[in-house]
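Q: whatever this is, show me its structure:
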Amino acid sequence: MEMSLIFFSQLNMCESKENAFFKLTHGSGKEETSTEAKIRAKEKRNRLSLLLQRPDFHGETHASRSALLAKETRVSPEEAVKWAESFDKLLSHRDGVDAFTRFLKTEFSEENIEFWIACEDFKKCKEPQQIILKSKAIYEKFIQNDAPKEVNLDFHTKEVIAKSITQPTLHSFDAAQSRVYQLMEHDSYKRFLKSEIYLHLIEGRPQRPTNLRRRSRSFTYNEFQDVKSDVAIWL
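A: This next block holds a predicted model:
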């Protein structure tokens, strides 16, 4: 009984994966008449398919690792040390805000920094319609009772905002933003400076996954994955 043998030496790594796959699965073009040979050919096709799907087969692994390393080491220890000078110094640096946000997420209090960023973005509005739309979005997301990212504000501050939201100005959230800023400065910021996230940065070590604490309340809206100040977030 004649059988056509298929060798992996037929696979030319310089050819496209489609051509290589065609050669391996079709051989010399002769039809397989043996059931056993067909089974072996099917197994080889399956193995090749898995091989072609592996990321390292296409040279992606090294690039992915390099990108991750660059992200972890983009903050120099010298820059990170400056963040301990003051809370303002931390917030003035984009990477500082990113690191502080990562820390707040471990404590499930990232709504504070997100609200502060939203207020900073809101104060850049120029069009009346934009002011109305953004103020409403901020109020519903951070201020009103049972808001998905409700920040800790006293009743009086929330009441003033609720009354002004029908005719908002660029200063509608100033009191609330100041209150949240103080909470972060006197509480979260101090813990951040002692956290592993910050200590790894000033020591030039790569970040490690951090343990998350149980959240004290549930949310009904999607969480922010990253802190952004784009206008599209609030429209």
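Q: SS state for residue 166?
A: Secondary structure, DSSP: H, G, I helix; E, B strand; the rest coil: residue 166 is coil.
Q: that one: how many residues sit nearby?
A: For residue 166, the neighbour count with other CB atoms under 10 Å is 9. C-betas here are computed from N, CA, C, even on glycine.
Q: how much space separates residue 84 from residue 92?
A: Look at residue 84 and residue 92: by CB to CB, to the nearest Å, they are 13 Å apart.
Q: please identify the buried residues of whichever strand or helix holds residue 135?
A: Taking DSSP states H and E as the definition, residue 135 sits inside helix 128-138. Under the neighbour-count criterion of 16 or more other CB atoms under 10 Å, helix 128-138 has 131, 133, 134, 135, 138 buried.
Q: cool, and stretch 76-90?
A: Residues of stretch 76-90 classed as buried: 80, 83, 87, 90 (neighbour count, 16+ other CB under 10 Å).
Q: in TSV: those residues, plus secondary structure and pLDDT.
A: Below are the buried residues of stretch 76-90 laid out as TSV (DSSP: H, G, I helix; E, B strand; the rest coil; pLDDT from 0 to 100):
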residue	secondary structure	pLDDT
80	helix	96
83	coil	97
87	helix	98
90	helix	97
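Q: show me the helices in the chain, by range?
A: Taking DSSP state H as the test, the helices found in the chain are 17-26, 35-53, 60-72, 77-82, 87-91, 94-106, 111-122, 128-138, 155-164, 174-183, 189-192, 196-202, 231-234.
Q: first-to-last residue distance for stretch 87-95?
A: With CA to CA, to the nearest Å as the measure, stretch 87-95 spans 13 Å from end to end.
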